[in-house]
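**Q** Pasting a predicted model and its sequence here:
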Amino acid sequence: MPVLQLPLEECLGLVLAADVIAPLSLPPFDNSAMDGYAVRAADLAGGLPVRLPVADDIPAGRVELTALKPGTAQRIMTGAPVPPGADAVVQVEWTDAGTETVTVERAVAAGANIRTAGDDVRKGDAVLVAGTVLRPSTLGLASALGIAELPVRRRPRVLVLSTGSELVEPGTPLEPGQIYESNGMMLAASVRDAGGVAVRLRFVPDDVEAFHEVLRPHLGSVDVIMTSGGVSAGAYEVVKDALATHDVRFTKVAMQPGGPQGAGRYEGLPVLALPGNPVSAQVSFEVFVRPALLRSMGHQNVDRTTARATLSASLTSPSGRTQFRRGLYDPSSGEVVTPVGGPGSHLLSALAQSNCLIEVPEDVTELAAGAEVTVRHLQ
Ligand SMILES: Nc1nc2c(c(=O)[nH]1)N[C@H]1C(S)=C(S)[C@@H](COP(=O)(O)OP(=O)(O)OC[C@H]3O[C@@H](n4cnc5c(N)ncnc54)[C@H](O)[C@@H]3O)O[C@H]1N2
Ligand code: MOO
């Protein structure tokens with residue numbers, strides 16, 4: 001993705017594209033860490049309590065300061081600039097809180113309760129380096145430095161297109177033989193979850209012409225096309241029929257679910273054609289699309305975290321295909337993972353109840369309860 005300057009409001013989760021050099025120090029000036037009285041520590045050193053006239057009052061935000069004369073105090077609030085001549089702040093709790101004169105009951109050392117300019121950041125330091133993922137704290141730091149925009153790689157715009165004549169939008173009545181469309185919602189949410197922008201299109205019927213029609217108006221405004229359904233071996237495989245004549249290759253990959261896949265280019269745009277079974281579509285997104293989207297945005301770390309876990313129940317897997325079974329991983333019970341539902345790629349509720357994928361390697365066809373497996377966390 002190209003780099004552009006974006007307002008901080010729009011930067012959460014994006015990757016910084018260039019180092020940020022601090023334009024000022026933080027704190028920018030010496031300021032008080034406590035509500036209390038700015039004093040000279042030496043004025044409290046000769047025996048307590050000490051009574052001092054309160055020569056000034058300094059709220060936070062005060063721009064003009066008067067120098068602190070020896071033998072006086074100035075009332076000061078947290079965050080307010082320390083006046084020249086003062087070298088310590090006595091917190092109000094150690095005084096009688098007077099406004100004309102103040103009686104100080106406890107001494108403080110020089111430097112007490114003063115936050116020195118540059119304590120946190122020095123002007124000219126590279127405070128944020130290119131490649132940093134912008135989190136709430138890093139956005140807070142940029143704001144504190146007075147930065148309003150940052151250079152980031154922009155979010156990819158992903159066209160999410162579901163296909164199938166049997167599909168009906170939720171919220172409308174269902175006829176026999178029809179089902180509610182769910183992949184579009186799930187894949188669009190997955191795109192957003194990965195940091196992309198989803199442009200969700202109403203599915204088209206299994207009709208090649210309608211397919212091209214529906215794509216055309218969006219070709220200039222998206223970065224990638226992601227379809228679901230219509231890629232396997234049937235008679236009405238609209239995505240395959242429409243795109244195989246273009247630069248898109250359809251094949252079967254050695255995984256389950258998510259075997260039938262298409263990938264390539266359509267009118268110059270990258271296309272990812274995922275299978276239609278809901279679990280197949282979502283697992284395909286996890287395995288192929290999510291890492292690609294993250295990489296396009298400049299993320300270094302594009303893989304989900306994995307863990308080793310002990311299977312709580314046996315399972316079987318087809319030979320010659322990596323299987324991704326849905327699982328519930330519970331670190332609190334000694335890193336145990338429980339398969340949720342069977343291998344069927346229509347078992348959406350099992351997917352919804354799971355928090356990880358259990359990876360069964362290609363050459364493994366059976367795993368007994370107690371076997372060690374790798375799990376891929378989904379959150
Ligand atoms: N003869 C063969 N048949 C099938 C094979 C095969 O190799 N040979 N592969 C099977 C596998 S594995 C999968 S996965 C599917 C992939 O098929 P398609 O990508 O063509 O998907 P569809 O046929 O359009 O739909 C499959 C299934 O999923 C439902 N679906 C589709 N889109 C949605 C959606 N947006 N929301 C909810 N549900 C959706 C659809 O109704 C079907 O039930 O092919 C197998 N067949
Ligand atoms: O690959 Mo299909 O995706 O097994 O159901």
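**A** Thanks, I have the structure now. Residues are numbered from 1 along each chain as shown. Ligands and ions are numbered 1, 2, ... in the order given.

**Q** Verify the contact between residue 266 and residue 245 for me.
**A** No. Residue 266 is beyond contact range of residue 245, at 10.2 Å (criterion: C-beta atoms under 8 Å). C-beta here means a position set from N, CA and C on the backbone, and glycine is covered the same way.

**Q** between the two, which one's more packed in?
**A** A direct count of neighbours by other C-beta atoms under 10 Å for residue 266 and residue 245 places residue 266 higher, at 18 against 9.

**Q** how about the nearest residue to that one, chain neighbours excluded?
**A** In space, and not counting its chain neighbours, residue 266 is closest to residue 246: 5.1 Å by C-beta to C-beta, 6 or more residues apart in numbering.

**Q** where's the one you found relative to ligand 1, distance?
**A** As judged by C-beta to the nearest ligand atom, to the nearest Å, residue 246 and ligand 1 stand 17 Å apart.

**Q** need the contact list for that residue.
**A** 264-267 (C-beta atoms under 8 Å, 6 or more residues apart in numbering).

**Q** How about residue 2?
**A** Neighbours of residue 2 in contact, by C-beta under 8 Å, 6+ apart: 153-154.

**Q** and it, what pLDDT?
**A** Note on residue 2: pLDDT of 97.

**Q** Kindly report the same for residue 323.
**A** 98.

**Q** The one 4 residues further on too?
**A** At residue 327, the model reports a pLDDT of 98.

**Q** Relative to the whole chain's centre, how far out is stretch 50-65?
**A** 44 Å (C-alpha atoms, centre = their mean, to the nearest Å).

**Q** Quick one: end-to-end distance for that stretch.
**A** One end of stretch 50-65 to the other measures 24 Å (C-alpha to C-alpha, to the nearest Å).

**Q** ok, and what's touching it?
**A** Under the contact criterion C-beta under 8 Å, 6+ apart, stretch 50-65 has outside partners 31, 37-39, 43-44, 66, 68-69, 71-81, 83-84, 98-104.

**Q** buried set for that stretch?
**A** Neighbour-count burial for stretch 50-65 flags 50, 52, 54-56, 58, 65 (criterion: 16 or more other C-beta atoms under 10 Å).

**Q** is it true that residue 138 touches residue 128?
**A** Yes. Judged on C-beta under 8 Å, residue 138 makes contact with residue 128 at a distance of 6.0 Å.

**Q** What's the nearest residue in the stretch 251-379 of the chain when you look at ligand 1?
**A** residue 276 (2.4 Å; C-beta to the nearest ligand atom).

**Q** Burial check on that residue, number of neighbours?
**A** 23.

**Q** List, one by one, the residues from the stretch 201-350 of the chain near ligand 1.
**A** Selection of the stretch 201-350 of the chain residues close to ligand 1 by C-beta under 6 Å from any ligand atom yields 228-234, 237, 257, 259-260, 275-278, 280, 345.
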